[in-house]
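For reference, the sequence and a predicted model appear below.
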Amino acid sequence: MLKIGCHLSVSAGFAAMGKTAVSIGANVFQFFSRNPRGGAAKAIDGEDVNAFLAIAAENGLSCLLAHAPYTLNACSEKAHLREFARDTMTGDLRRMEYLPGNMYNFHPGSRGAQELDTAVDQIAGF
């Protein structure tokens with residue numbers, strides 16, 4: 001089955017994204033898990049998620065892609081930046097449990113002056 005979708009804003013909630021996707025004929029979509037520049041995530045509203053899951057089931061929406069903020073740097077030379085990335089990703093993945101069977105995308109970041117093997121090990125350690 002061909003998957004066609006777009007990037008939608010989560011600001012109005014999951015059900016709103018589902019309705020928008022259906023209205024444009026999409027069967028998938030991507031959304032940012034939180035502000036693309038990082039920061040706090042909007043609290044999960046169980047009723048909103050359940051409404052979305054019903055919309056998704058009725059309309060064949062599947063394989064959503066949650067996109068992590070661009071500010072994550074899982075292979076930074078600075079421990080506090082790696083910690084921020086780990087904490088943010090952990091929170092996002094917990095939130096994704098409300099949307100089983102979907103995907104999470106992140107950019108690993110910049111290794112700076114570190115050796116490539118060190119950076120790869122840091123990313124793999126997440």
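Received, thanks. Numbering: from 1, shown residues only.

how close does Leu72 get to Gly38?
Shown here: Leu72 relative to Gly38, a distance of 8 Å by CB to CB, to the nearest Å. (C-beta placed from N, C-alpha, C; glycine too.)

shared neighbours of the two, which are they?
84, 88 (CB atoms under 8 Å, 6 or more residues apart in numbering).

So those two - more neighbours on which side?
Taking neighbours as other CB atoms under 10 Å, Leu72 and Gly38 compare with Leu72 leading, 23 against 15.

Skip the chain neighbours and tell me the closest residue to the more buried one.
The shortest distance from Leu72 to any non-neighbouring residue, by CB to CB, 6 or more residues apart in numbering, is to Ala85 (4.1 Å).

Neighbours of the one you found, how many?
25.

Then it would be within a helix, right?
Yes. Applying DSSP: H, G, I helix; E, B strand; the rest coil, one finds Ala85 inside a helix.

Which helix or which strand is home to Ala66?
strand 65-67 (DSSP states H and E).

Name the strands paired with that strand and say parallel or antiparallel.
strand 28-32 (parallel), strand 103-105 (parallel) (DSSP bridges).

How about it, which residues are buried there?
For strand 65-67, a neighbour-count test (16 or more other CB atoms under 10 Å) marks 66-67 as buried.

Could you tell me which residues make contact with the residue most central in space within the chain?
With distances taken as CA atoms, centre = their mean, Ala66 lies nearest the centre of the chain, 2.5 Å away. By CB under 8 Å, 6+ apart, the contact list for Ala66 reads 30-33, 92, 95-96, 99, 102-105.

which among those residues end up buried?
31-33, 92, 95-96, 99, 102, 104.
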